[in-house]
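*Asks:* predicted structure and sequence below. I'll ask about it afterward.
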Amino acid sequence: MIVWQHIKKHWPIYTTLLSLGLAIASFAYYKLDKQKNALTGVISSPHSAEVKYLSIGSTRFIIDSPDGVFLKDGEQPVLTMNLNDGKLMVSTIIRDTKGEIVAELIDNEWQLNDQNIFDRNYTDNALEVRDQTGKVTLQVVHFGDTIHLAGIFRCRNQWTNVFCPLAEGGAVIDMKPPGVEPEHSIQQIFRYPSERHFGSCPGLKSLEKTIVHGPGGAYRMGGALDICKDRQKK
């Protein structure tokens, strides 16, 4: 009885504490869900423009692959990008230096992330994947009129292909044989670890300045680019 009278007397205080507790619990659940989605889950982009251009720095390509496959290893797709109701959907296979698959994204969703080797951070229109050494292995941004791409793509025959923009303009496609590490690296745009900096993308504005926007000259690929063609494993 004494306890109940005490609660009634101080009811506003208890109400405030209860509301505060619920707010903290809701925020903690939100953060836990977002942190989990850095390693699993689905992302999407709000843009609805019909993107026809793909940009690696200021170098642009016209996307004309009917199935959205941009890069392939023989008959196996390596990187596929499509727009689904205006949302950018990315599928890719990530291999290690031995040519073994260690991670796979299908339509933005992790199908494989062996031992959580890769950390992913993202916003509604940008996706970045970084390995445990701090190297960015994939970076895709939907700017509305063009899709920015940078990434490290390894073949089954252990060749390595790096696509990345150059700070002084243009882009580089660096192809190295097995056992030889690329000379170029991709500048990260997100902050890490994602569990502490989820959605923080301070490098996006600087990246956008290196991208050519609007209509203009571009290379027409005429289908998917086989990045592993005519290269034999040593």
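*Replies:* Yes, it's here. Numbers count the residues shown, from 1 in each chain.

*Asks:* give me the domain ranges for the protein.
*Replies:* Listed by automatic domain parsing, the domain ranges of the chain are 2-36, 43-226.

*Asks:* reformat those domains as a markdown table; add mean pLDDT and mean neighbour count.
*Replies:* All C-beta spots, glycine's among them, are computed from the backbone N, C-alpha and C. Below are the domains of the chain laid out as a markdown table (pLDDT from 0 to 100; neighbours: other CB atoms under 10 Å):
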| stretch | mean pLDDT | mean neighbour count |
| --- | --- | --- |
| domain 2-36 | 43 | 10 |
| domain 43-226 | 86 | 17 |
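
*Asks:* sec struct for Gln115, please.
*Replies:* helix (DSSP: H, G, I helix; E, B strand; the rest coil).

*Asks:* for it, give its distance to Val102.
*Replies:* According to CB to CB, to the nearest Å, Gln115 and Val102 sit 8 Å apart.

*Asks:* could you do Asn116 as well?
*Replies:* 11 Å.

*Asks:* in the protein, which spans are helices?
*Replies:* Assigned by DSSP state H, the helices in the chain fall at 2-9, 11-37, 204-209.

*Asks:* so which elements touch the last one?
*Replies:* Under the contact definition 3 or more CB pairs under 8 Å, 6 or more residues apart in numbering; DSSP states H and E, helix 204-209 sits against strand 136-142.

*Asks:* partners of the strand it packs on, with directions?
*Replies:* Here strand 136-142 has these sheet partners by DSSP bridges: strand 126-130 (antiparallel), strand 147-154 (antiparallel).

*Asks:* need the CA coordinates for it. CSV is fine.
*Replies:* The C-alpha trace of strand 136-142 is given here as CSV (Å, rounded to 0.1, in the frame of the first residue of the first chain):
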residue,chain,number,x,y,z
VAL,A,136,37.6,-1.1,-50.9
THR,A,137,36.6,-3.9,-53.1
LEU,A,138,33.3,-2.5,-54.5
GLN,A,139,31.9,1.0,-54.7
VAL,A,140,28.6,1.8,-56.6
VAL,A,141,26.8,5.2,-56.5
HIS,A,142,23.5,6.0,-58.3
